[in-house]
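In: my questions are about this predicted structure, shown below with the sequence.
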Amino acid sequence: MSKEEPVERFVVSGIVLDEKEAKVTIKQVEDKPGIAGFIFTRLAGANINVDMIIQSSSEHGKNDVTFTVEKKDLEEVKEE
């Protein structure tokens, strides 16, 4: 195997579009233990279902946290 060949090959078997989902990004979140847990515990306490979560890391001690919720919950997420 040459260095240019990928070790793993991914096969896409399908794509789904869910227009009932909304993406939320919280920027510049402190990179400290428990912060993401606090965010998602608060949303769970408000009965807001979080689907996908992506957390980016930064060299400067701040992260962006992105997640999806149902569009019907978007305004309540903003209040929380």
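Out: Thanks, I have the structure now.
In: what's the longest helix in the chain?
Out: Scanning the chain for the longest helix, with DSSP state H as the assignment, gives helix 35-45.
In: who touches that one?
Out: With contact meaning C-beta atoms under 8 Å, 6 or more residues apart in numbering, helix 35-45 is reached by 26, 29, 50, 53, 55, 65, 67, 69, 77, 80. For every residue, glycine as well, the C-beta is placed using N, CA and C.
In: can you give me how far that helix is from the chain middle?
Out: Taking C-alpha atoms, centre = their mean, to the nearest Å, one finds helix 35-45 lying 13 Å from the centre of the chain it belongs to.
In: and what of stretch 24-31?
Out: The mean C-alpha position of stretch 24-31 is separated from the chain mean by 10 Å, C-alpha atoms, centre = their mean.
In: in it, what's buried?
Out: Neighbour-count burial for stretch 24-31, counted by 16 or more other C-beta atoms under 10 Å, picks out 24, 29.
In: how about low-confidence regions in the protein?
Out: Scanning the chain with the threshold set as pLDDT under 70 gives 1-7.
In: what about 80?
Out: Scanning the chain with the threshold set as pLDDT under 80 gives 1-10, 58-60.
In: all strands for it, in order.
Out: When secondary structure is read from DSSP state E, the chain shows strands at 21-30, 50-56, 62-70.
In: okay, the angle between the longest one and strand 50-56?
Out: Strand 21-30 and strand 50-56 meet at an angle of 40 degrees, taking axes from the mean of the first three to the mean of the last three C-alpha atoms, to 10 degrees as the criterion.
In: list of residues touching strand 21-30?
Out: Defining contact as C-beta under 8 Å, 6+ apart, one finds that strand 21-30 is touched by 35-36, 39, 51, 61-71, 73-74, 77.
In: repeat that for 7 Å
Out: With contacts defined as C-beta atoms under 7 Å, 6 or more residues apart in numbering, strand 21-30 is touched by 35, 39, 51, 61-71, 74, 77.
In: since that was my last question, I'll sign off now.
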